[in-house]
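K.L.:
Structure for this input, please:
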Amino acid sequence: MTTAFVRGFATLLGVAMPVASVAQGYQVQPMLATIAPAGAKAHLTMAIKNSGSVPITLELTAFRATADRAGTPTRVDEDKDMLVYPAQTSIAPGKEQTVQVRYIGDAALTEARMYGVRVSQLPVAAPGAMLAKGASGAASDVKVSFNFLSHIIVSPDAAKPVITVVDTGRAANGDLLLKIDNEGTGIAILNATDVKLTDTAGKTVTVVSDDLQVGGFSAFMPRQSRDARVLAKNLTGLVGTIKPTITVQ
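P.N.:
Numbers count the residues shown, from 1 in each chain. Next comes the predicted model:
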């Protein structure tokens, strides 16, 4: 997975990225992975590295992710389908910890699902932080913590996304309104997707994924429709009816 892809995925999925600091911070890989619903490929190994200078204690919670038509994600804790071990760990500065994640849900899935692991750092006193005074006037340490979301697609081999897009009109401000459908059984990640717009005169404009607004979650679930839009500034020079086509990389 390239660095550009990782950045785009984090941005579009609304991932709570850990804030780097000299004193503390950690790195998690992978950010996105695909595993099978059964067999030897129904698990993955996550690597968590403490890149800070103080020990950290982490709590790991499995969740299932979905999104509505507007692209608003929902992540619900899920411990029946996903097993995470260890569920809590402490990592010394500069050291790395591996975590095993296994899918233990329905092995006969016919459509892909999206799960994930929330890595939460338990609050610690921030080095060098100013003391805050409470109502009693007593000083207390300022506490900070970091959270990270790693997403996991559980998909049978035969599950594939089938993405189509149609023009549904213009907004009052001139934005082009689109409806994107995933008619397949797989999950599509639209953070590396271009949309080509062709007008009645045959002129084409390519809209990169950063300019395609699909909500706060770039993963398109099976059989899902999503409202999207292209800002009016990206339509300069196009006339008449616009035909959109989409390419999922």
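K.L.:
Tell me which helix or strand in the protein has the weakest average pLDDT.
P.N.:
Least confident helix or strand, the chain: helix 3-12 with a mean of 38, by mean pLDDT, DSSP states H and E.
K.L.:
what's around residue 168, how many residues?
P.N.:
12 (other C-beta atoms under 10 Å). (C-beta placed from N, C-alpha, C; glycine too.)
K.L.:
Looks like it contacts residue 175 (just checking).
P.N.:
No - between residue 168 and residue 175 there is no contact under C-beta atoms under 8 Å: 11.2 Å.
K.L.:
Spatially nearest residue to residue 150 (excluding sequence neighbours)?
P.N.:
What sits nearest to residue 150 in space, not counting adjacent residues and going by C-beta to C-beta, 6 or more residues apart in numbering, is residue 117, at 4.9 Å.
K.L.:
OK, contacts around the one you found?
P.N.:
By C-beta atoms under 8 Å, 6 or more residues apart in numbering, the residues touching residue 117 are 46, 60-63, 82, 84, 99, 101, 149-150, 152.
K.L.:
same thing with residue 206?
P.N.:
Counting by C-beta under 8 Å, 6+ apart, residue 206 has contacts 194-197.
K.L.:
Mind doing that once more with 6 Å?
P.N.:
Applying C-beta atoms under 6 Å, 6 or more residues apart in numbering to residue 206 gives the contacts 194, 196.
K.L.:
element containing it, please.
P.N.:
strand 204-207 (DSSP states H and E).
K.L.:
Sheet-wise, list the partners of that strand with their directions.
P.N.:
strand 193-198 (antiparallel) (DSSP bridges).
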